[in-house]
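1. Let me see the structure of the following:
(chains A, B and C)
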Amino acid sequence: MNAFLLKRLFTSAVSLILLIILVFFLVRLTGDPASLFLPVDASEEAREKFRELNGLNDPILVQFFRYIGDLAQLDFGTSMRRAEPAIDAVLRGFKWTLQLAAITIALVTCLSIIIGSLAAFRAGGIFDRIVTFFSLIGASAPDFWIAIVAIVIFSVNLGWLPTSGTGSIWHWIMPISVLFIRPFGLILQVVRGSMLSVLSSGYIKTARAKGVKDTVIIFVHGLRNAMLPVITVIGDQAAGLLNGAVIVETIFGFPGVGKLMIDSILQRDFAVVLASIIVTAVAIFIMNILIDILYAILDPRIRY
Amino acid sequence: MTHKGTKTEPSILRQWLRMLLRDKFALCAAIFLLVLVLAAFLGSFLLDDIATKQNLRGRNAPPFDFAKQWIFWLGGDALGRPLLARIIVAARNTLMIAGSAVSVSIVIGCFLGLIAGYSSKFFSHLIMRIADVIMSFPSLLLAVIILYMLPPSVLNIVVVLAITRIPVYLRTARAEVLEIRERMFIQAAQVMGASNKRIIFRHILPIIIPTMVTIATLDFAFVMLAESSLSFLGIGIQPPEITWGLMVAQGRPYLTTAWWLSFWPGLAIILTTLSLNLLSNWLRVVLDPQQRWRMEVGGSKNG
Amino acid sequence: MKFSTYLKGGLISLMIALPAMANAKGVTIVLSEELDIVDPCEASRSNIGRVVLQNISETMTELHPQNGLQPRLAESWEDMGGGTWRFNLRQGVSFSDGSAFDSADVAHSLARIKSDQLSCEIGAKYFGGMELSTKIVDDHTIDITANPAQPILPLLLSTVTMMRSTEPMDAYVKTPIGTGPYTFDQYIRGMQINLSANPNYWGEAGSVTKAKYIFRSDSAVRAAMVAAGEADIAPNIALQDATDGNTDFSYPNSETVYMRIDHEVAPLNDVRVRKALNHAVDREAFVGSILANGTLLATGMTPPSTIGYNHDLKPYAYDQQAAKSLMAAAKADGVPVDTEIRLIGRINNFANVQETMEALQSMFNDVGFNVKLEMYEVAEWLEYYSKPFADDRGPIMVEAQHDNANGDPVFSMFFKYASEGLQSGINDSKLDAMIADATSATGSTREAKWKDTFKYIHEDLVGDVMLFHMVGFSRVNDRLDFTPSIRTNSELQLSQIAFK
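-> Numbering: from 1, shown residues only, chains lettered A, B, ... in the order given. Below you'll find the model as predicted:
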């Protein structure tokens, strides 16, 4: 296990470096931050001044090595727009994103596994049909719809919940619900599909014939083998959430990393773009390593 | 020798049709998809003029006004154009973009995932780390870069969407392969001297396809909606061309005052997803020899 | 519904309302974007201005929508000639940290906005292309010289926020300190900004004692917050969300929308083609449908309240016949009117910009033009709007929205119409002369010259397709007595808010 872990860490580090190089050079091909930061009627001298102050006039390789040098000392540069260290803005946002993502994924995992397994157990039955129907609607409906309609109903009309913001636990109910729906729908279907295959295999039939209780069949025998694709898709959805839930952030005013990343890409705020990509990449890479380890735990036959 | 009274086995087509009829939901789904494909082919040809004629005075016309022509029964959009006509015409672009993006990503993702799961450690690591990099690269950034580097075309958005969706198929395929390759029948095939290529494509691939398809049907919806959020950059579909995702996005500012602008195209997306999923569930049962009996005898009663 | 549900609902409403009740003299304002920088030298940007301008940091002079230029930190001023103006500062004014406000602070603030080591929006936007120098006569008198001479220097100074002479010239400040009626207490990034009343303010205290600024990107949410009582003012909401007559106010927001025409490339270089484009647009059809009621038809680049606005000019009438015959005449002379013209729009430029552009495209094509619409995000759009222009470009029209709330056309005309102007598609020496002339004129001559310039552009040159003077919407909670004005686009003075 240790050798495996070391190897994974090493290869992940290599891909992180690759990612940094890729993003660094590509993002600089895409426009001039000076004209975006300054008003349209600013003079060319003002723009030149901005470029000078931010080191944008130096040859690109010089800028690159300066960046790598700073990075080695954990200096992620200064945001051109915010006049604060890029990493501060990113970590501040990531704190919120991480909380939203963790709670959502935890809820999704528990509920979709339980409900999906039950649906697969009696495939084609009423429970299955209803669950499939509603989960698919949730998974394909536009999320801003759900968010705004929820706000209108629950905040403005009924007054039960606050419209937006982050103060109390009540403020989290709608955002988490909105974030929850799409991954839930998707993963429920994946669980259902996997369980269907597993439940019709030989050893399950044997267990049933032996009279083993249904719940034991599902949750002890069936689930373990169905889990590999399920946790992979959960990981993919979690990665999406770690990249930031933009709709929830913009509508509900959670200052997470998603909106920060989008704004900084559109404003060509290079330092923040790189810093946020690095932070989320590290989180995603670590998660993928954990998922690989989980595969091996769930299915002892797996060798890497 | 055939005896009188023994029927010959019906043709494949009739068998499938009968199984489809068993599952009413799948039947509806199939019909809906057929209508959709027809709309994609013929819609633009038949309804283009009506769908693009602007009428500022008829802006945001509410739906269910049966006094008007039938084409206006779903309401009018922000420029007074009939929503029903717009949705039908938009079917072509939507299905084309979403269809291409999903097809490309599933084929590439599946293929790479199979290799990553089955082949040597080096290739496995290489492919997986590339997948990691793609997962961490924001799709918006990719879209902006492509916008700046390539001449504008609809292909660009298909490329962006396809690339960003590859990792989920890749990783899921690989995960399943890791498990499947340890099974008895694979070891048996290896012992019998089957080539790697044969094992992968003939034995492993059919097992992973159902999961891939399940993911793909839901990915379709995601791609339809993601396409609209990238279109705001000016990449992809430009007005007066339209897709469902774009219609939904354009209806967003009016959500509280003219809900029908976003609702009907959103409903089209939901119904398409539902249909694809129901049909794929049906297909999964039909193609799996161990489960096919559900469609042949008795059906859901024996669930 | 069960009783317990009512109870829960009631408790939650109380929880939300209680802080508001306890804070009876406090207001909550919901802005559309978080403030990335709070330095007062960036106060010309809308959202930053709404927090900082005249609340925290004040200016020497102030432009009132009705009364014109008024004294604020400067009591009086006189033109000494040769580009120099003498300003007499108000006495007994101090910054919120106790230090006295004097000429040294003025000199430093002016130097800072043009500093080499800092990118200040105020300097870039209003003071580009001129040298500023100051001479301190005494603690409360200062001479400011502009080179080239600026007849409207006092008006220009209404944009410059006064900061302490100890502020760094090479870094943005994190906590602005000013002479204004409120102090900047705290900025919890991503969440809120807190202001409270400055007990040592030199002027009259307003009724508002505390202010909280929060940020929500979505207009529907901002409107919902005010409706639900979670916020008091949303200074900027979309037309669609302004549905409540009691709380929603429209105000001219000093923005003008127009199509900038590139005069260098055929067929747009022919004045008949430009006139045809103008006649093809049914401007009236937009008002009350795609755009708000109260949107004005424009004949010039600056809002009607600006001096020098030529009220005699008429917008081009919607006349498809006239457009078609003009095009036919041009075509007969060999002008390639069938060439595909690209119409470049900017996404999210204003509410309903997408519909507006599609409608315009349709109107142009209806009279026989071959117009293709392309919508882009800011960075890409800017490549088309600002020079340098690509050499091999075809005929292009760029949609843009220009903001001028500062009372004089000089802020707009050079950039948009001079041959050297960064966003100008025109190369006309007579126009250049007229602009230069008006810029250096004073008083009523100045007004007259600007009027002539606008007339020349609109009728003789047909510089662009002038469209609309736009209207903005605010939602203000019932419990407040506050009416938005044209200044609401750039500032929100808490001292102007009263409680009912």
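
2. what residue is smack in the middle of the chain?
-> Answering for chain A, as no chain was given. With distances taken as CA atoms, centre = their mean, A:Leu241 lies nearest the centre of chain A, 2.2 Å away.

3. Chain C is the one I meant
-> Centroid-nearest residue in chain C: C:Asp403, 3.8 Å away (criterion: CA atoms, centre = their mean).

4. Assign the spatially closest residue to that residue that is not a sequence neighbour to helix, strand or coil.
-> Nearest residue to C:Asp403, sequence neighbours excluded (CB to CB, 6 or more residues apart in numbering or on different chains): C:Glu255, at 5.1 Å. (Each C-beta comes from the backbone N, C-alpha and C, glycine too.) Classification of C:Glu255 by DSSP: H, G, I helix; E, B strand; the rest coil places it in strand.

5. any idea how far C:Glu255 is from chain A?
-> 12 Å (CB to the nearest CB, to the nearest Å).

6. Was I right to think A:Pro33 contacts A:Asn54?
-> Yes - A:Pro33 is within contact range of A:Asn54, at 7.3 Å (criterion: CB atoms under 8 Å).

7. Are the stretch of helix or strand A:Ile204 belongs to and chain B in contact anywhere?
-> In this assignment (DSSP states H and E), A:Ile204 forms part of helix A:202-209. No - counting by CB under 8 Å from any CB of the partner chain, chain B has no neighbours in helix A:202-209; the shortest distance is 9.4 Å.

8. Heading C-terminal from that helix, find the next helix or strand.
-> helix A:214-216.

9. so after that following helix, what's the next helix or strand?
-> helix A:223-242.

10. Mind giving me the packing neighbours of the helix or strand that comes right after that following helix?
-> The helix or strand immediately downstream of helix A:223-242 is helix A:246-252, counting by DSSP H and E. Secondary-structure packing of helix A:246-252 (3 or more CB pairs under 8 Å, 6 or more residues apart in numbering or on different chains; DSSP states H and E): helix A:143-150, helix A:170-199, helix A:257-266.

11. all helices for chain C, in order.
-> Under the criterion DSSP state H, helices of chain C are mapped to C:3-22, C:46-52, C:103-113, C:121-126, C:153-156, C:219-227, C:271-280, C:283-286, C:320-332, C:353-366, C:378-385, C:410-417, C:429-440, C:443-455.

12. Alpha carbons only: can I get the second one in PDB?
-> Written as PDB, here are the backbone C-alpha positions of helix C:46-52 (Å, rounded to 0.1, in the frame of the first residue of the first chain):
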ATOM      1  CA  SER C  46     -20.400  52.500  -9.700                       C
ATOM      2  CA  ASN C  47     -20.400  50.100  -6.800                       C
ATOM      3  CA  ILE C  48     -17.400  51.500  -5.100                       C
ATOM      4  CA  GLY C  49     -18.800  55.000  -5.500                       C
ATOM      5  CA  ARG C  50     -22.100  53.900  -4.000                       C
ATOM      6  CA  VAL C  51     -20.200  53.000  -0.800                       C
ATOM      7  CA  VAL C  52     -17.400  55.500  -0.600                       C
END
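
13. Nearest residue to B:Phe263 in space, ignoring adjacent ones along the chain?
-> Nearest non-adjacent residue to B:Phe263, counting by CB to CB, 6+ apart: B:Gly251, 7.6 Å away.

14. contacting residues for that neighbour?
-> Listed by CB atoms under 8 Å, 6 or more residues apart in numbering or on different chains, the contact set of B:Gly251 reads B:Asp77, B:Ala78, B:Ala258, B:Trp259, B:Trp260, B:Leu261, B:Ser262, B:Phe263, B:Pro265.

15. just checking, the first one touches B:Met247?
-> Yes - with the criterion set as CB under 8 Å, B:Asp77 and B:Met247 qualify as a contacting pair; they are 7.4 Å apart.

16. ok, the two, which is more surrounded?
-> Set B:Asp77 next to B:Met247 and count neighbours by other CB atoms under 10 Å in any protein chain shown: B:Asp77 wins out with 29 against 24.

17. centroid residue for chain B?
-> Among the residues of chain B, the one closest to the centroid is B:Phe220, at 3.5 Å (CA atoms, centre = their mean).

18. In a strand, that residue, correct?
-> No - under three-state DSSP, B:Phe220 falls outside any strand and is assigned helix.

19. Averaged pLDDT, stretch B:66-86. What do you get?
-> Average pLDDT, stretch B:66-86: 85.

20. hmm, it in reach of chain C?
-> Yes - Stretch B:66-86 reaches chain C (CB under 8 Å from any CB) through B:Ala78, B:Leu79.

21. Need the residues that contact that stretch.
-> B:47, B:50-65, B:87, B:242, B:247, B:250-251, B:254, B:258, B:260-261, B:264-265, C:290, C:352, C:355, C:358-359.

22. Emit the ChimeraX select command for whichever of those are buried.
-> For the buried members of the contacts of stretch B:66-86, the matching ChimeraX selection, counting by 16 or more other CB atoms under 10 Å in any protein chain shown, is:
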select /B:47,50,51,52,54,56,58,59,60,61,63,87,242,247,250,251,254,258,260,261,264,265 /C:290,352,355,358,359
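
23. if I look at C:Ala224, how far off is chain A?
-> 5 Å.

24. what residues are up against that residue?
-> Taking CB under 8 Å, 6+ apart, one finds A:Ile151, A:Val152, A:Ser155, A:Val156, A:Thr163 in contact with C:Ala224.

25. Return only those of those found close to chain B.
-> Among those, chain B is touched by A:Val152 when using CB under 8 Å from any CB.

26. Identify the farthest-apart pair in the contacts of C:Ala224.
-> In the contacts of C:Ala224, two members sit farther apart than any others by CB to CB. They are A:Val152 and A:Thr163, at 9.2 Å.

27. so how many other residues sit close to the residue lying closest to A:Asp58 once chain neighbours are set aside?
-> With CB to CB, 6+ apart as the criterion, A:Asp58 has its nearest non-adjacent residue at 7.7 Å, and that residue is A:Arg66. For A:Arg66, the neighbour count with other CB under 10 Å is 13.
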